[in-house]
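Visitor: The following block contains a protein sequence and its predicted model.
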Amino acid sequence: MTVVLNDFSAIFSRWRIWWIMGFRDIQMRYRRSFLGPFWISLTMAAMVFGIGFLFSQIFDIEFKAFLAYIATSFLIWGILQSNLNESCNIMIDSEAHLRAMRLPASILAAQMVWRNTLIFLHNLIAIGAVLLYANVDMSASLILLLPALAILSLIGFFSAIVLGPYALRYRDLGQVVMNVMQIAFFITPIIWMPSQGRLSSVWLDYNPFFHLVEIARGPLLGYWPSATNWAVSIGILIIAAIMAYVATAVSREKVYLWL
Amino acid sequence: MTRIELKNVNFEYPLYEVAQRSLKVSLIDLLRGSRDGPSSVHAIKDLSITIDDGERVGLVGRNGAGKSSLLRLLSGIAFPTSGTIKTYGRIVPVNQTGLGINPEFSAADNIELPLRFIGATTEEIEVARAGVREFADLGEFFDLPVRRYSDGMKARLTFALSTSIPADVLVLDEWLSAGDAEFVARAERRINEYIHRIKIVILASHSMELLRTVCTRVLWMEKGELIADGEPNEVIDAYLAKILDQPLPDQDKKIINI
């Protein structure tokens, strides 16, 4: 019991490790480029404008309203998708480290979440500008953005603790997760609006990703996410935390053997 | 108190084949009920030893004797399959690979992460900054990206980093493989000074000369078992008599440095 909790609390006692490693990931990716990490913002803005323009024509919806919707959806989906896909790589990417010292999964998970938070902040600049351009009415619901992001990041953190070690043991697990996320992208209202879908709202309620996206999208678009959205999201967080605890207890001593 | 206790430690590790790395294949095997697990290596067999404060322990044995496995268990990187390992004190594993050193950054910017990896505190890192610069002796290269360094310069940086914070237990696996003669001499001086301040040193080496001068106790391992444990000269002489008596596989011959 205590050894597992010690593994988790390493993110506080050894926070400089994930802090530096996450920061370095961003520095390495954009080193020697003129705009540096602001390429992230630019890429995001270009994609959102492109898809917004195309789909507003196809669906015949008002451009600015759809643009705002697409922009926030991509911003939020970006956190979820990168956190879950990269969950499978946290240990594979650090194989050399794990052969020479013990690093609990929690530190590598925190590194990933921190890196994705930095990317999110760059994206937020681009999406903020898009939202201003689209004249979105902000409301008091914006204060819920922070807890929503915290939930999404924590879910990413816990899923990395679960998936990281097992993706090391089973090298094709990463492909499975990527495929699941690809399907989730299409069945979740991200590039389409819930009102346009042929899926009845009952099916939407069974899609966990819908609730997770909603809790953060609502605050950005000026409406309040429903209580159900919050309840489901918090439920997922609790399940993820329990799974992370169990996975750590099972895998912590085996990670070296799985390298 | 610094102390290491091993009680009936066994260590086995699996050798996975490519197919056994696959979730799909593993699930199919599970459904079919075939239970061909991976073959495994029994690297450490029922080992019980106690290492006390002040001991300098050398490990000898041929390749595959279990030396590296033992060092990994002692450093807390790997866990025993059965048995218990109790360690008291801060253990610093020294690695030659320069973990945490990013070739895109200068030596100056590469000090913090490697030291954080081995558990240094902020104060220790501040102290280490000056020491590393001095010992690594890289001149103006210290502020240039590490990718421009020669192998010898990298070895100097890695070595300087590994020996720059105080530790209770130092675990060394065949250090000093790169670097010129002058550096090796300097490194030996530094490690002697450094080792002086460390309570327990455990080192695996094929250099018998080094083990004779540094160690107070030598463990001889063979196929995961402890063959002899005692006074360095006696154990080393017995070990050399044994291996020189037998014809050696070629790869072992060249690394035994008598």
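Guide: Received the coordinates, thanks. This structure is a prediction, so every number in the text was calculated from the model and none was measured.

Visitor: In chain A, where is pLDDT below threshold?
Guide: Counting by pLDDT under 70, chain A has low-confidence residues at A:34, A:196-201.

Visitor: same thing but at 50, please
Guide: Nowhere does chain A drop to pLDDT under 50.

Visitor: who in it is up against chain B?
Guide: Neighbours of chain B within chain A, by C-beta under 8 Å from any C-beta of the partner chain: A:14, A:16-17, A:20-21, A:24, A:27-28, A:31, A:96-103, A:169-173, A:176, A:253-254, A:256-257. In short, each C-beta sits where N, CA and C put it, glycine included.

Visitor: those helices in the stretch 101-250 of chain A, which residues are they?
Guide: A:105-133, A:145-169, A:173-187, A:201-205, A:208-221, A:227-251 (DSSP state H, counting those that start in this stretch).

Visitor: I'd like those as TSV, with mean neighbour count appended.
Guide: Below are the helices of the stretch 101-250 of chain A laid out as TSV (neighbours: other C-beta atoms under 10 Å in any protein chain shown):
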stretch	mean neighbour count
helix A:105-133	21
helix A:145-169	22
helix A:173-187	15
helix A:201-205	12
helix A:208-221	23
helix A:227-251	16
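
Visitor: which bits of chain B sit near chain A?
Guide: Checking chain B against chain A by C-beta under 8 Å from any C-beta, the hits are B:13-14, B:21-24, B:26, B:72, B:75-79, B:93, B:95, B:97, B:99-100, B:102, B:104, B:112-113, B:116-119.

Visitor: Just those residues: which are in helices?
Guide: Counting by DSSP state H, the residues of chain B next to chain A place B:23-24, B:26, B:72, B:112-113, B:116-117 in helices.

Visitor: Could you list the residues in contact with stretch B:211-229?
Guide: B:11, B:42-47, B:49, B:54-62, B:64-67, B:69-70, B:192, B:195, B:201, B:203, B:205, B:230-236, B:238-239 (C-beta atoms under 8 Å, 6 or more residues apart in numbering or on different chains).

Visitor: so B:V171, which of the three states?
Guide: Classification of B:V171 using DSSP: H, G, I helix; E, B strand; the rest coil returns strand.

Visitor: Would you map the helices across the stretch 101-250 of chain B?
Guide: Going by DSSP H, counting those that start in this stretch, the stretch 101-250 of chain B shows helices at B:112-117, B:122-136, B:151-162, B:181-196, B:208-214, B:232-245, B:250-255.

Visitor: how about the ones you listed, which one is nearest A:G218?
Guide: Distance to A:G218, taken as C-beta to C-beta, is lowest for helix B:112-117 among those, at 39.3 Å.

Visitor: Packing partners of that closest one?
Guide: Judged by 3 or more C-beta pairs under 8 Å, 6 or more residues apart in numbering or on different chains; DSSP states H and E, the packing partners of helix B:112-117 are helix A:15-29, helix B:122-136, helix B:151-162.

Visitor: Residue of the stretch 51-200 of chain B nearest chain A, please.
Guide: B:F79 (3.8 Å; C-beta to the nearest C-beta).

Visitor: That residue - nearest residue in space that isn't next to it in sequence?
Guide: Once flanking residues are discounted, B:F79 sits nearest to A:E253: 3.8 Å by C-beta to C-beta, 6 or more residues apart in numbering or on different chains.

Visitor: hang on, the earlier thing: for the ones in helices among the residues of chain B next to chain A, which two are the farthest from each other?
Guide: Pairwise distances across those (C-beta to C-beta) peak at 41.9 Å, for the pair B:K24 and B:E112.

Visitor: Tell me how far the residue of the stretch 51-200 of chain A found nearest chain B lies from B:L138.
Guide: In the stretch 51-200 of chain A, the residue that lies nearest chain B is A:Y170 (3.8 Å; C-beta to the nearest C-beta). Using C-beta to C-beta, to the nearest Å, we find A:Y170 at a distance of 43 Å from B:L138.

Visitor: got it, and A:I143?
Guide: 52 Å.

Visitor: ok, now A:P194?
Guide: Between A:P194 and B:L138 the computed distance is 61 Å (C-beta to C-beta).

Visitor: out of those two, which sits in the busier spot?
Guide: Between A:P194 and B:L138, counted using other C-beta atoms under 10 Å in any protein chain shown, the more crowded position is B:L138 (21 against 12).

Visitor: right, and the more buried one touches B:K154 too?
Guide: No: using C-beta atoms under 8 Å, B:L138 is not in contact with B:K154, being 9.8 Å away.

Visitor: ok, the residue with the largest distance to the centre of chain A to A:I190 distance?
Guide: Relative to the centre of chain A, the most outlying C-alpha is that of A:D60, 30.2 Å out, by C-alpha atoms, centre = their mean. According to C-beta to C-beta, A:D60 stands 19 Å off from A:I190.

Visitor: Equivalent analysis for A:F59, please.
Guide: Plainly put, A:F59 is 14 Å away from A:I190 if you go by C-beta to C-beta.

Visitor: higher neighbour count, those two?
Guide: For the pair A:F59 and A:I190, the greater number of neighbours falls to A:I190 (23 against 11), based on other C-beta under 10 Å.

Visitor: Spit out the contact partners of the more buried one.
Guide: A:73-74, A:77, A:213.

Visitor: go on, A:Q27?
Guide: So A:Q27 contacts B:E104 (C-beta under 8 Å, 6+ apart).

Visitor: Counting neighbours, what do you get for B:D137?
Guide: 14.

Visitor: Contact partners for the closest residue to it other than its chain neighbours?
Guide: Nearest residue to B:D137, sequence neighbours excluded (C-beta to C-beta, 6+ apart): B:R156, at 6.8 Å. Contacts for B:R156 (C-beta under 8 Å, 6+ apart) come out as B:135-138, B:179, B:183.

Visitor: do that again at 10 Å, thanks
Guide: B:107, B:132, B:135-138, B:141, B:149-150, B:178-180, B:183, B:186-187 (C-beta atoms under 10 Å, 6 or more residues apart in numbering or on different chains).

Visitor: do B:T121 as well
Guide: By C-beta under 10 Å, 6+ apart, the neighbours of B:T121 are A:16, B:115, B:127, B:165.
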